[in-house]
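Student: return a 3D structure for these sequence lines:
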Amino acid sequence: MQEGAKATLAQLQRQRAQDENALVLLIGTPLSALLPSALPLAGQQLAANLPAGLPSELLARRPDVRQAEQGLIAANANIGAARAAFFPRIALTGSVGTASNALRNLFKDGSFAWSFAPSISLPIFDAGRNRANLDAAIVGREIAVAQFEKSIQSAFREVADALASRAMLGEQLRAQQAQAAALAQTFKLADLRYRNGTASYLDVLDAQRSLFAAQQVALQVLALQAQNAVSLYKVLGGGWKEGAAAR
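Tutor: Prediction:
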């Protein structure tokens with residue numbers, strides 16, 4: 001059991017060293033001043049700080065949405081009118097930082113089929129252009145609108161996915177930590193019985209192996225929480241602390 005734990009530790013240390021080298025190459029500076037001392041705890045804290053009532057306007061900062069907007073601009077579109085027509089103005093998060101009811105209601109029956117009906121009566125495209133009646137211009141506009149709407153749908157779906165994962169990971173972590181705590185108690189009792197001659201050392205090894213496995217799974221869930229926090233930061237257009245409204 002001890003040799004197996006040592007082998008696992010060596011493997012994880014090797015992976016950590018490789019990841020740190022990759023980060024140093026990416027950012028071009030030592031990590032000591034950037035990384036917190038306990039990454040799992042940092043990931044938990046980042047996820048826990050997700051406030052309620054985050055506005056959907058945050059998603060307008062996403063690069064893919066901005067790129068789609070540039071396509072509309074190239075087709076002589078009014079971006080303000082396009083956003084008003086196609087962009088749902090809702091709160092993304094609920095009272096405990098999970099997906100709001102308004103966000104869940106954007107998708108039918110949990111199947112992620114977009115249920116938002118955009119209002120296209122607004123004057124999205126500028127009038128009076130010489131090319132307005134050309135077939136090529138009309139087709140180009142239709143493509144730009146379709147790409148814009150698709151980027152918005154993808155943005156809202158990715159946020160819904162990340163928030164759903166956040167909620168499930170929280171429940172999974174609590175259950176896994178409770179299991180690890182119970183197995184720690186089982187290991188202590190098995191060791192106590194062995195020391196008093198009422199159990200074999202094999203019982204101690206079995207209890208220790210089960211505890212080690214449960215602790216590994218708990219750490220894996222902590223890592224997934226950290227990854228989920230990073231994913232939330234990404235899908236929300238770069239976080240949620242720098243301002244709610246997009247310009």
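Student: so which strand or helix has residue 154?
Tutor: helix 135-195 (DSSP states H and E).
Student: just checking, what packs against that helix?
Tutor: Counting contacts by 3 or more C-beta pairs under 8 Å, 6 or more residues apart in numbering; DSSP states H and E, helix 135-195 packs against helix 63-74, helix 79-86, helix 101-104, helix 201-235. No exception for glycine: its C-beta is placed from N, CA and C like everyone else's.
Student: quick one: average pLDDT of that helix?
Tutor: Computed over helix 135-195, the mean pLDDT rounds to 91.
Student: then stretch 115-124?
Tutor: Here the average pLDDT along stretch 115-124 is 76.
Student: go on, stretch 204-223?
Tutor: Taken as a whole, stretch 204-223 has an average pLDDT of 93.
Student: name the residues of it that come out as buried.
Tutor: 204, 207, 208, 210, 211, 212, 214, 215, 217, 218, 221, 222 (16 or more other C-beta atoms under 10 Å).
Student: which of the residues you listed lies closest to residue 141?
Tutor: Nearest to residue 141, judged by C-beta to C-beta, of those is residue 221 at 47.3 Å.
Student: now for that closest one: which residues touch it?
Tutor: Listed by C-beta atoms under 8 Å, 6 or more residues apart in numbering, the contact partners of residue 221 are 169, 172, 173, 176.
Student: just to revisit the earlier point, next, the angle helix 201-235 makes with the helix holding residue 154.
Tutor: 160 degrees (axes from the mean of the first three to the mean of the last three C-alpha atoms, to 10 degrees).
Student: out of the helices and strands packed on helix 135-195, nearest to residue 52?
Tutor: Residue 52 lies closest, by C-beta to C-beta, to one member of these: helix 101-104, at 12.0 Å.
Student: give me the mean pLDDT for the closest one.
Tutor: Model confidence over helix 101-104 averages 90 on the pLDDT scale.
Student: next one: stretch 11-31
Tutor: Mean predicted lDDT for stretch 11-31 stands at 77.
Student: mind checking how far that stretch is from the chain centre?
Tutor: How far stretch 11-31 lies from its chain's middle: 22 Å, per C-alpha atoms, centre = their mean, to the nearest Å.
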